[in-house]
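Colleague: what would the 3D arrangement of this be:
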Amino acid sequence: MPVSDDEPTVRKAVQAYYRLCQTTDAALQPGNPAPEHAGATVEPLAYEANRAMRKAGLFTLSRDEFEAVVQRYFPDFKFEGGSW
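Modeller: Below is the predicted model of the structure:
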């Protein structure tokens, strides 16, 4: 099933994923005043992103396809490290 980047559910899912990535990155930065609380901040965003991405059908995409969808909304977003 192709995913349309014009669908509000896809946009919402990509935005949730982006928020999760940005918040996780901020929580893991050196100098974070409360790194022990990062899980409490990141966990609800992970659940939100998971639900939204599942609803939008994004888990059926390959990494390259998913990256292309995210970069339509956030062209400067860089996928780095990790594995799919």
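
Colleague: do you know how far residue 70 is from residue 8?
Modeller: Separation of residue 70 from residue 8 (C-beta to C-beta, to the nearest Å) stands at 16 Å. From N, CA and C alone the C-beta is placed, and that goes for glycine too.

Colleague: tell me which of the two has more neighbours.
Modeller: When residue 70 and residue 8 are compared for neighbours, residue 70 comes out ahead with 20 against 8, by other C-beta atoms under 10 Å.

Colleague: would you agree that one is in contact with residue 18?
Modeller: Yes - using C-beta atoms under 8 Å, residue 70 makes contact with residue 18 at a distance of 7.0 Å.

Colleague: list residues touching both of the two?
Modeller: Both residue 70 and residue 18 are in contact with residue 77, where contact means C-beta atoms under 8 Å, 6 or more residues apart in numbering.

Colleague: once you drop chain neighbours, what's closest to the residue nearest to the spatial centre of the chain?
Modeller: By C-alpha atoms, centre = their mean, the chain has its centre lying nearest to residue 17, at 1.8 Å. Distances taken as C-beta to C-beta, 6 or more residues apart in numbering place residue 49 nearest to residue 17, at 4.8 Å, with adjacent residues excluded.
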